[in-house]
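Visitor: Got a sequence here, can you model it:
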Amino acid sequence: MSNSDEKALLLLEKAVNKATLSIEKSLSFRPFLMMLDINGTIKTVENRASTNEESYALLEASFKGRVHETNIDVALLATADMMPARYTKKEPIPAIRLHLEEKSQLDKKISARFIYVPYSLHRFKDSEEIFAQIGTPIPVGFPAEYLAK
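Guide: Numbering: from 1, shown residues only. The predicted structure is shown next:
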């Protein structure tokens with residue numbers, strides 16, 4: 001596994017953990033942006049917009065602005081979503097959607113990915129505590145939007 005792959009996996013793991021903790025606490029999560037710079041520093045950006053759609057749009061704008069200001073190596077934009085119908089066998093399934101872009105992939109035709117991480121909520125036996133069961137991630141590739149020059 002290359003150093004670049006390890007960086008992307010680290011950011012993906014942190015993002016899924018952050019979203020999962022929020023889902024278990026409040027049954028959902030707010031969109032957020034995570035960036036890993038060339039020095040290995042991870043920064044998380046969130047906001048207090050009134051809706052998830054407005055929050056996501058503000059984070060997209062922030063991402064576009066930060067690309068020119070900093071040396072972002074890997075970045076992802078996370079939001080609550082539903083699994084695309086072609087990947088589900090039955091009814092809609094809630095998912096964590098991660099828009100991942102890496103500078104090391106920009107020379108490739110498919111240089112970015114949506115990674116859908118399905119989940120289901122369950123209660124521990126004889127408890128009110130809820131936990132999220134995370135399913136197998138499904139990647140969907142496309143050309144980079146933000147890190148591309």
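
Visitor: ok, then the element right after the least confident helix or strand in the chain by mean pLDDT?
Guide: Every helix and strand in the chain was compared by mean pLDDT, DSSP states H and E; the lowest is helix 52-69, with a mean of 87. Using DSSP states H and E, the next helix or strand after helix 52-69 towards the C-terminus is strand 72-82.

Visitor: hang on, the earlier thing: so what does the least confident helix or strand of the chain touch, helix or strand wise?
Guide: In terms of contacts (3 or more Cβ pairs under 8 Å, 6 or more residues apart in numbering; DSSP states H and E), helix 52-69 is packed against strand 32-37, strand 42-45, strand 72-82. No exception for glycine: its C-beta is placed from N, CA and C like everyone else's.

Visitor: ok, and which of the ones you listed has the densest surroundings?
Guide: strand 72-82 (a mean of 22; mean count of other Cβ atoms under 10 Å).

Visitor: Dump the helix or strand that that strand is followed by to PDB, keeping only the CA atoms.
Guide: Next helix or strand after strand 72-82 toward the C-terminus (DSSP H and E): strand 94-102. Written as PDB, here are the backbone C-alpha positions of strand 94-102 (Å, rounded to 0.1, in the frame of the first residue of the first chain):
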ATOM      1  CA  PRO A  94     -29.300   5.400   4.900                       C
ATOM      2  CA  ALA A  95     -25.600   6.000   4.200                       C
ATOM      3  CA  ILE A  96     -22.600   8.200   5.000                       C
ATOM      4  CA  ARG A  97     -21.500   9.700   1.700                       C
ATOM      5  CA  LEU A  98     -17.900  10.700   1.400                       C
ATOM      6  CA  HIS A  99     -16.600  12.700  -1.500                       C
ATOM      7  CA  LEU A 100     -12.900  11.900  -1.600                       C
ATOM      8  CA  GLU A 101     -10.200  13.600  -3.600                       C
ATOM      9  CA  GLU A 102      -6.500  13.100  -3.500                       C
END
